[in-house]
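> Okay, structure incoming, though there's no sequence with it:
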């Protein structure tokens, strides 16, 4: 949904932006959703600093658009009631397929990849030794704790659907199950989950755990635009990220909480749709080669 507004505030913001839209009297209102954030209160808390900074440098009015689910975001994009969505790699692939929405800028996170971990005392030397074993993965449909570990197993020639028993549970429960020997391996986000859990571990030393496979860096979280959005607006936002990178990164990280995962991030304006082909292969690895629906929703 795009609404033309003529407001003194918008004009002032455009002027402060250093003439990004010289001679333009009308400010545009665009809408923004973040798929893993439910409710306006959390959107305001976690993403207001970025929203406010983007408004200041572009002159656009940016309205938060709370969504209750990823499907709700797809429906709003398709109905042209929602213009921009910040989402994860797995969600991007499906939204792109269903709506034609496309990437504008990647939110590049350092050390964003997955790993497969076993106990060093397990006798498991490599991924091939997991055939016929039991592995715990994270939430169904999660990029780094389900799709990526599944593709990682496939990269080593194993079919995660038939060559082993897969269970899904939280990372904390995975960890305890691995320690007790209830599962033979876990697949999870390497830094956010494995390193964090290992650092908090009090019963076993770090050397008690062994990584038998590390995946490639995963595609970035991404800000995507609906196909109905005016290209001039899309390019203006992309330009804003390029020219105000440091300030906008600071605005992303400032709220803390869940946004601490972006510490050390960099914006990637060169992001392309093909960057997400690894995730598409991962969908195929778990039996969803059409990636036309949100797995687990």
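Cool, the structure landed. Remember, predicted model here, so these are calculated numbers, not experimental data.

> which residues sit against stretch 138-147?
With contact meaning CB atoms under 8 Å, 6 or more residues apart in numbering, stretch 138-147 is reached by 88-90, 112-114, 137, 168-171, 174, 187-189, 192-193, 218, 279, 282-283, 285-286, 294-297. Glycine gets a C-beta too; all of them are placed from N, C-alpha and C.

> What's the end-to-end length of it?
Its first and final residues considered, stretch 138-147 spans 9 Å by CA to CA, to the nearest Å.

> again, but for stretch 285-294
By CA to CA, the extent of stretch 285-294 from end to end equals 15 Å.

> and that stretch, average pLDDT?
For stretch 285-294, mean pLDDT rounds to 92.

> and if you look at stretch 193-211?
Per-residue scores along stretch 193-211 average to 97.

> Repeat that for stretch 224-240.
97.

> Buried subset of the contacts of stretch 138-147, written for ChimeraX?
Buried members of these, identified by 16 or more other CB atoms under 10 Å, are gathered into one ChimeraX selection as follows:
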select :88,89,90,112,113,114,137,168,169,171,174,187,188,189,192,193,218,279,282,283,285,286,294,295
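
> Can you list which of the contacts of stretch 138-147 are found in helices?
Judged by DSSP state H, helices contain the following of the contacts of stretch 138-147: 89, 90, 171, 174, 279, 282, 283, 285.

> which one of those sits closest to residue 246?
Among the ones in helices among the contacts of stretch 138-147, residue 89 lies closest to residue 246 (CB to CB), at 24.6 Å.

> tell me the contacts of the closest one?
Contacts of residue 89 by CB under 8 Å, 6+ apart are 143, 218, 219, 220, 221, 222, 276, 279.

> what's the answer for residue 102, then?
96, 224, 225, 227, 273.

> Now which of these would you call buried?
96, 224, 225.

> Give me the distance between the last one and residue 260.
For residue 225, the distance to residue 260 under the criterion CB to CB, to the nearest Å works out to 26 Å.

> how about the helices in this protein?
Applying DSSP H to the chain gives helices spanning 8-16, 40-58, 70-78, 89-99, 148-155, 171-180, 196-200, 231-243, 245-253, 277-285.

> Now those helices in TSV, please, with extra columns for distance to residue 108.
Shown next, in TSV, are the helices of the chain (distance: least, CB to CB, whole Å):
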stretch	distance to residue 108
helix 8-16	27
helix 40-58	15
helix 70-78	22
helix 89-99	12
helix 148-155	16
helix 171-180	23
helix 196-200	20
helix 231-243	11
helix 245-253	10
helix 277-285	15
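
> what's the closest of those helices to residue 31?
helix 70-78 (8.1 Å).

> so the closest one versus helix 89-99, what angle?
Relative orientation of helix 70-78 versus helix 89-99 (axes from the mean of the first three to the mean of the last three CA atoms, to 10 degrees): 40 degrees.

> now for helix 70-78, which elements pack on it?
strand 84-87, helix 89-99 (3 or more CB pairs under 8 Å, 6 or more residues apart in numbering; DSSP states H and E).

> Same list, those, but as CSV with mean pLDDT and distance to residue 129 please.
Formatted as CSV, the helices and strands packed on helix 70-78 follow (pLDDT from 0 to 100; distance: least, CB to CB, whole Å):
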stretch, mean pLDDT, distance to residue 129
strand 84-87, 98, 36
helix 89-99, 97, 28
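
> any chance of these in CSV, with distance to residue 133 too?
Formatted as CSV, the helices and strands packed on helix 70-78 follow (distance: least, CB to CB, whole Å):
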stretch, distance to residue 133
strand 84-87, 33
helix 89-99, 25
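
> do you know which of these lies nearest residue 50?
Nearest of those (CB to CB): strand 84-87, 8.9 Å.

> how far out from the middle of the chain is that closest one?
Mean-position distance between strand 84-87 and its chain equals 9 Å (CA atoms, centre = their mean, to the nearest Å).

> Kindly report the same for stretch 99-109.
Relative to the centre of its chain, stretch 99-109 is centred 10 Å away, using CA atoms, centre = their mean.
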